[in-house]
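Enquirer: the amino acid sequence is not available; the structure is as follows:
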């Protein structure tokens, strides 16, 4: 289990994280979300020992990630990994293998051949997505107990993303590993993360299995006998977040709890009305948008 | 740690190859000097250690850069500092890697030199190996110093500035003391008596000259006989001068402090500052005021020159902060220097007049 206690970190006067507490159970896939500059990468660096915490601590089963005995179980795949002009996928694999003696060459070969990468070609000659594929192969081959993937899907095509998600699941199952993924591809995260953590304004503002349940917002689809317009929803006292009107059909996202929204919508006498669950991305946007707009 | 050390050794092979090629080239061109030529049909050959110890000193700078520049590049941090090896151990492996390169070169250059020297009559080959080993050891110790001071900076450029600035700190201190001493004692004649002792290059050059003398002793006698002439440098180092021992002593102490500090500097400097402003207290925060004070002392009471150094200090701060806007704290430092520039303190011309 990873435990973060009272973690704070600043860059000069700029506070990035403030008093962060978090627990991550083993064998889970955790999605780390937040807007640009929220502190996701900083949290990753503090969790993997790249940064030394200024205040608070990170513990892996009670031990600091600065200890060699813990570090051997941690793998960080940064959003912009290191390579020189001469670095090839093969040479990078060899570098990592010196630190991870249990690295599985078969996993590496399997992923490299799946993506049809030339492992002897310099990484600089690869596209961003191909480089990502190469590092994905290295990351899984090291079989880390704790795998950190920063901006996990950045540059990957849909097919590569599919493979990547399958691999993450397989890695967790086979190694009882914990995978922590940060990404702005929220739909992808929703598909395979067990839990999520949302960082905003230097702190963990939400965490758990469902972000949607924590958002005071709901979505309805309705059909009217006569063509509706946006003004009638305002007149009914509804706070419209998003409204899509197609002839006599409406899909709307409204602020407020389900009961109060439903009561107000019923005053508009729709012919048919159903609730549609919000998705992760909508909940994320709504949560942060309200905060940014000061709602 | 052992696996990473092996990995580093393999990765260092191209660097070692370049070092060896350069070394063999210097050695085979410069180790044996030809004496005679125009004035005599007979040629005399002497040994010059310069190709060896100068190469080892140059390597100290180059190896410090190669060993630690990756850790001063912001883009590499996530990868390098997340590897499952403590920072202290990473630093130690990089140091051991360089030590290995120095050891290999010492042995191979030693063998090459022995063959070259032995193929010329009259030269004493016995002194060559000790000279090479001492030079390699000194080069390695200097590498530790360069590495430590390089890591004071948060970027490769600032690290390089830090190396060269710190190498000259002892000389600057002794020079400043000389100026002050003249003011106090009026002893203008011995003003720069101790400067040579604090050059990091003098001690090792003197020791090599000592070994050169004993390698060349017989030939020097013949040259003396044939031409009724020997150069000052040929005869001077029959013994190692006290100043050289002082130099070696001072710098060995400094190098050892740097060696002990290196793993701590490497591991304790905040990673998040790398690639940014080098605000470590032992980098510009110390060096800019230090050198401004030094310049003020050697400028004596020449106000325009002092004001020029105040401007230079401001420019140095601007480069260091990567901005022409300086903070209030630095502004106060500049302002204090600007005021001090007008206060007469060091009029050595006047002292000379008294003498």
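Expert: Structure's in. What do you need? Given the structure is predicted, the values throughout are model-derived calculations rather than measurements. Residues are numbered from 1 along each chain as shown, chains lettered A, B, ... in the order given.
Enquirer: excluding sequence neighbours, find me the nearest residue to residue A:8.
Expert: residue A:55 (4.0 Å; C-beta to C-beta, 6 or more residues apart in numbering or on different chains). (Each C-beta comes from the backbone N, C-alpha and C, glycine too.)
Enquirer: so what's that neighbour up against?
Expert: A:6, A:7, A:8, A:9 (C-beta atoms under 8 Å, 6 or more residues apart in numbering or on different chains).
Enquirer: pretty sure the first one sits in a helix.
Expert: So that's residue A:6. No. In this structure, residue A:6 is strand, not part of a helix, as judged by DSSP: H, G, I helix; E, B strand; the rest coil.
Enquirer: isn't it right next to residue A:54, touching?
Expert: No. Residue A:6 lies out of contact with residue A:54 (C-beta atoms under 8 Å); the separation is 11.0 Å.
Enquirer: helix or strand for residue A:244, just tell me which one.
Expert: Element membership of residue A:244 [criterion: DSSP states H and E] is strand A:239-246.
Enquirer: what's that strand packed up against?
Expert: helix A:230-235, strand A:249-255 (3 or more C-beta pairs under 8 Å, 6 or more residues apart in numbering or on different chains; DSSP states H and E).
Enquirer: now mean neighbour count and mean pLDDT too, for the ones you listed, in JSON lines please.
Expert: JSON lines is the format used below for the helices and strands packed on strand A:239-246 (neighbours: other C-beta atoms under 10 Å in any protein chain shown; pLDDT from 0 to 100):
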{"stretch": "helix A:230-235", "mean neighbour count": "13", "mean pLDDT": "89"}
{"stretch": "strand A:249-255", "mean neighbour count": "19", "mean pLDDT": "89"}
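Enquirer: which one of those lies nearest to residue A:172?
Expert: Nearest to residue A:172, of all the helices and strands packed on strand A:239-246, is strand A:249-255, at 33.0 Å by C-beta to C-beta.
Enquirer: packing partners for the closest one?
Expert: strand A:217-223, strand A:239-246, helix A:258-266, helix A:280-292.
Enquirer: next one: that strand to chain centre, how far?
Expert: Strand A:249-255 sits 27 Å away from the centroid of its parent chain (C-alpha atoms, centre = their mean, to the nearest Å).
Enquirer: likewise stretch B:129-143?
Expert: Computed by C-alpha atoms, centre = their mean, the separation of stretch B:129-143 from the middle of its chain amounts to 13 Å.
Enquirer: neighbours around residue A:263, how many?
Expert: 12 (other C-beta atoms under 10 Å in any protein chain shown).
Enquirer: got it, and residue B:325?
Expert: For residue B:325, using other C-beta under 10 Å, the count is 9.
Enquirer: over to residue B:118?
Expert: 11.
Enquirer: same thing with residue B:188?
Expert: By other C-beta under 10 Å, the residues close to residue B:188 number 14.
Enquirer: again with residue A:266
Expert: 11.
Enquirer: what sits closest to it if chain neighbours are left out?
Expert: Spatially, and ignoring its direct neighbours in sequence, residue A:266 is nearest to residue A:273 (7.6 Å; C-beta to C-beta, 6+ apart).
Enquirer: in what helix or strand does that neighbour lie?
Expert: Using DSSP H and E, the element containing residue A:273 is strand A:272-276.
Enquirer: what pLDDT, on average, does that strand get?
Expert: On average, the pLDDT along strand A:272-276 is 91.
Enquirer: can you give me the strands in the stretch 101-250 of chain A?
Expert: Secondary structure of the stretch 101-250 of chain A (DSSP state E, counting those that start in this stretch): strands at A:146-149, A:178-182, A:195-200, A:203-208, A:217-223, A:239-246, A:249-255.
Enquirer: closest one to residue B:118 among those strands?
Expert: Nearest to residue B:118 among the strands of the stretch 101-250 of chain A is strand A:146-149 (60.2 Å), distances taken as C-beta to C-beta.
Enquirer: let me see the mean pLDDT of the closest one.
Expert: For strand A:146-149, mean pLDDT is 92.
Enquirer: and stretch A:237-246, by the same measure?
Expert: In this model, stretch A:237-246 carries a mean pLDDT of 87.
Enquirer: for stretch B:219-234, same thing?
Expert: Mean pLDDT, computed over stretch B:219-234, is 68.
Enquirer: likewise stretch A:39-47?
Expert: Regarding stretch A:39-47, the rounded mean pLDDT is 89.
Enquirer: go on, stretch B:184-193?
Expert: What stretch B:184-193 shows for mean pLDDT is 70.
Enquirer: in the chain, where is pLDDT below threshold?
Expert: Using chain A here. Applying pLDDT under 70 to chain A flags residues A:210-215, A:286-287, A:289-295.
Enquirer: that was the other one, I meant chain B.
Expert: B:36-41, B:189-194, B:226-235, B:346-355.
Enquirer: for residue 103, which non-adjacent residue is spatially closest?
Expert: This is for chain A. residue A:97 (4.6 Å).
Enquirer: that's the wrong chain, I meant chain B
Expert: residue B:136 (7.2 Å).
Enquirer: next, count neighbours for the one you found.
Expert: Count around residue B:136 with other C-beta under 10 Å applied: 25.
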